[in-house]
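> when you get a sec, could you give me coordinates for this:
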Amino acid sequence: MQLNGFHHLTAVTADAPKNHAFYTDVLGLRLVKKSVNQDDVSAYHLFYADGKGSPGTDITFFDWPAPRERRGTHSIARTGFRVQGEKAFSYWTDRLKAKGLKVGEPTEKFGRITLDFEDFEGQRLSLVQDESDTPYAIWEKSTVPAEHQIHGLGPITLSVPDIAPTEMVLTKVMGMSKAAQHGNTHVYWMKGKGPVAELHVIEEPGLAPAQQGAGGVHHVAFNIPMADYTAWAERLRAMRVPNSGPVDRYWFKSLYFREPNGILFEIATDGPGFHADEPMETLGETLSLPPFLEGRRAQIEAGLKKLG
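Numbering: from 1, shown residues only. Got it, this is the predicted structure:
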C-alpha cells in the first residue's frame, strides 16, 4: 500500500478574481472546478489543473480576506510544477518576466533545471524539468502552447525545525523512502519516483514559525487509489495517528492529519473525479456544489465575488 504521488495542493488567496486571472491566463491552467470551501461557504474553493483535472495536477485556493503570509518554518514553503524540455525554461522565463513577476534564472537544482518565481501575492512557485512519462492532459484552450504547458505538481517543499519526527511519519506511517540529502534538504520518494512523487523537506531550526495567510499554503494532499481508502483509514487508526476520520469531499474522499511539526497533510483518492457532476467539456464554468449544499445555492452564489 503506497502513495502514488501528489493529489493536490491547497493554498490561500485574498483576491479570487486576480488569482483566477493569474493561474488561467499567465500559467495557462484550466479552472476545472469552481466551488466553495465546504467548511466555510463564504469562500471560493478554486481548482486549477491540466485539461482533464487529473489527480496530481491541481493547485487549489481558498479565497479568504487574510493578510499576507509571514514566512517561516512549520510550513509548506514552495510548490513545484513540472514542465518538459529545456526550451520550456526559455519560454517561461521570458513569459513571467514580461508579466512583471519576481522571477529567478533557470538553474540546476538536485539534477534538474529549475526556475523559481512568485505569483502576485508572493506564493512561492517553481518550474521543474520533468523527463518522465507521467500522463497529463493538454488543455486546448490554454494561453500557453501545448509543448510548454504545465504537466502537474512536483516536487513540493516543506520547512521544519526538526527533521527527525517528520521523517518518522513520512517513512514509517506514509511509506516513503529517503532518496537523498543535499545539505539541509532531505528528499523522499513515493511510488513512481521522479518529481511527481518527490517531497523535499528543509530542516531550518533557526526560523520562526510561519503565520498562514495570503500567498501561503494551507495543506498538501497525497494520492491513493480509491480501493485503498479504507485501508489507509485503518492504518492511521492502528498507528494511533490523530486524524479527521473519513471525509467525503464528493469529487474525492479524504483523510486529514498533521505531521509532528504541525503541517497539515491530506490523503485523497483518485476518484470519483471532477467530472462526477459536470461534463468534461464544461468543467469549472459554473458554480459546482456538493449535494448537501445544493439547497443553499442561491444564498451561496449571492455571497460570492465575480471572477471576471
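
> so where's the stretch 1-150 of the chain uncertain?
Within the stretch 1-150 of the chain, no range satisfies pLDDT under 70.

> ok, which stretches of it are helices?
Assigned by DSSP state H, counting those that start in this stretch, the stretch 1-150 of the chain shows helices spanning 16-21, 87-98.

> in stretch 117-126, what's buried?
Phe117, Glu118, Asp119, Phe120, Glu121, Gln123, Arg124, Leu125, Ser126 (16 or more other Cβ atoms under 10 Å). All C-beta atoms are positioned from the backbone trio N, CA, C, and that covers glycine.

> now do stretch 286-301
In stretch 286-301, counting by 16+ other Cβ under 10 Å, buried: Ser288, Leu289, Leu293, Ile300.

> do you know how far the second one is from Gly273?
According to Cβ to Cβ, to the nearest Å, Leu289 and Gly273 sit 16 Å apart.

> ok, Glu285 next?
17 Å.

> who's more crowded, those two?
Taking neighbours as other Cβ atoms under 10 Å, Glu285 and Gly273 compare with Gly273 leading, 18 against 11.

> once you drop chain neighbours, what's closest to that one?
Excluding its sequence neighbours, the residue lying closest to Gly273 (Cβ to Cβ, 6 or more residues apart in numbering) is Trp251, at 6.3 Å.

> what residues does that neighbour make contact with?
Lys33, Pro272, Gly273, Phe274, Ala276, Asp277 (Cβ atoms under 8 Å, 6 or more residues apart in numbering).

> swap in 10 Å and give it another go.
32-33, 35, 47, 53, 268-269, 271-278, 288, 290 (Cβ atoms under 10 Å, 6 or more residues apart in numbering).

> so where do the helices sit in the stretch 151-300 of the chain?
163-168, 229-238, 297-302.

> residues in contact with the last one?
Put plainly, it is helix 297-302. Ser35, Val36, Val41, Ser42, Thr286, Leu287, Leu289, Leu293, Glu294.

> and the furthest pair within the residues you listed?
Ser42 and Thr286 (18.6 Å; Cβ to Cβ).

> ok, now how distant is Leu207 from Gly122?
16 Å.

> swap in Lys18?
Applying Cβ to Cβ to Lys18 and Gly122 gives a distance of 13 Å.

> okay then, goodbye and thanks.
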